[in-house]
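Undergrad: this one's structure only:
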């Protein structure tokens with residue numbers, strides 16, 4: 001999993017992070033410097049189909065995943081349709097862009113019945129999610145989407161403390177108490193490709209908030225730039241005593257997994273079952289060859 005900014009401007013003077021989300025209308029100059037990129041096609045209401053297809057193909061040619069719009073359930077986006085209407089729009093665009101990694105637009109989780117706006121997303125290339133507030137609030141939204149669409153690629157294209165009227169937040173404390181553990185939790189979910197903090201700078205906010213959402217120069221920036229995904233522990237580290245016993249008995253590390261499977265310590269995966277089946281097939285063939293080579297009585 002990669003972390004990064006959601007850019008609305010190009011004025012970040014520091015080196016690009018591993019991932020970035022940005023609008024086709026703003027922030028692309030900086031966002032394109034990240035190796036993993038999600039471009040959100042920006043529009044209000046229902047855009048022209050031909051223009052949308054042209055933009056999606058263009059950004060895909062530049063190595064971007066493409067998000068089709070933004071929060072269609074939010075009145076400010078002027079979609080004025082139903083979840084089914086958005087699904088129909090997504091698949092119309094996708095039909096003309098079969099090779100584009102086209103991501104479903106995240107609904108605003110702060111509005112009632114936001115879950116309905118993922119209706120029809122089962123066959124989407126990927127999903128975007130917006131999660132705001134405390135660690136628990138952000139996690140609850142993401143857990144819902146992961147549970148509903150197991151195995152589907154997910155990009156959390158907006159995450160922040162949830163600005164709004166009267167909402168006073170210590171951004172530095174939030175970064176360590178909520179964002180950091182949220183990133184750590186997300187990293188344990190293989191579906192999640194990236195998490196983007198919204199925003200590095202929001203030059204023209206569309207809502208009033210006593211605490212600006214900008215992460216620039218705060219501990220939010222420190223957390224994003226210093227966060228590293230923990231390397232998964234190997235089997236010797238997970239089972240140190242059994243590993244030492246295995247080595248003492250003459251075993252080698254490459255065969256430790258088979259040993260732990262035989263002991264019943266590890267639950268077999270689909271790959272384990274497949275490999276076991278292939279090994280059994282070889283042994284059955286070897287046994288058949290031996291039997292066929294025996295002289296007839």
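TA: Noted; the coordinates are in hand. Remember, predicted model here, so these are calculated numbers, not experimental data.

Undergrad: Could you use CA atoms for every contact and neighbour count after this?
TA: Fine.

Undergrad: where along the stretch 101-250 of the chain do the strands fall?
TA: Taking DSSP state E, counting those that start in this stretch as the test, the strands found in the stretch 101-250 of the chain are 102-104, 126-132, 154-160, 192-198.

Undergrad: per-domain residue ranges of this protein.
TA: 2-226, 235-293 (automatic domain parsing).

Undergrad: Neighbours of residue 15, how many?
TA: 10 (other C-alpha atoms under 10 Å).

Undergrad: whoops, residue 224 was the one
TA: 22.

Undergrad: next one: the one 10 residues further on
TA: When counting by other C-alpha under 10 Å, one arrives at 9 neighbours for residue 234.

Undergrad: how close does it sit to residue 243?
TA: Separation of residue 234 from residue 243 (C-alpha to C-alpha, to the nearest Å): 11 Å.

Undergrad: what sits against the nearest residue to residue 44 once chain neighbours are set aside?
TA: Spatial nearest neighbour of residue 44, excluding adjacent residues (C-alpha to C-alpha, 6 or more residues apart in numbering): residue 77 at 5.2 Å. Under the criterion of C-alpha atoms under 8 Å, 6 or more residues apart in numbering, the contact list for residue 77 reads 43-45, 70-71.

Undergrad: now those residues as a markdown table including neighbour count, distance to residue 8 and pLDDT?
TA: Shown next, in a markdown table, are the contacts of residue 77 (neighbours: other C-alpha atoms under 10 Å; distance: C-alpha to C-alpha, whole Å; pLDDT from 0 to 100):
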| residue | neighbour count | distance to residue 8 | pLDDT |
| --- | --- | --- | --- |
| 43 | 18 | 14 | 93 |
| 44 | 14 | 16 | 93 |
| 45 | 14 | 20 | 92 |
| 70 | 21 | 14 | 97 |
| 71 | 22 | 16 | 97 |
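
Undergrad: Just name the closest of these to residue 16, please.
TA: Residue 16 lies nearest to residue 70 out of these, by C-alpha to C-alpha, at 23.7 Å.
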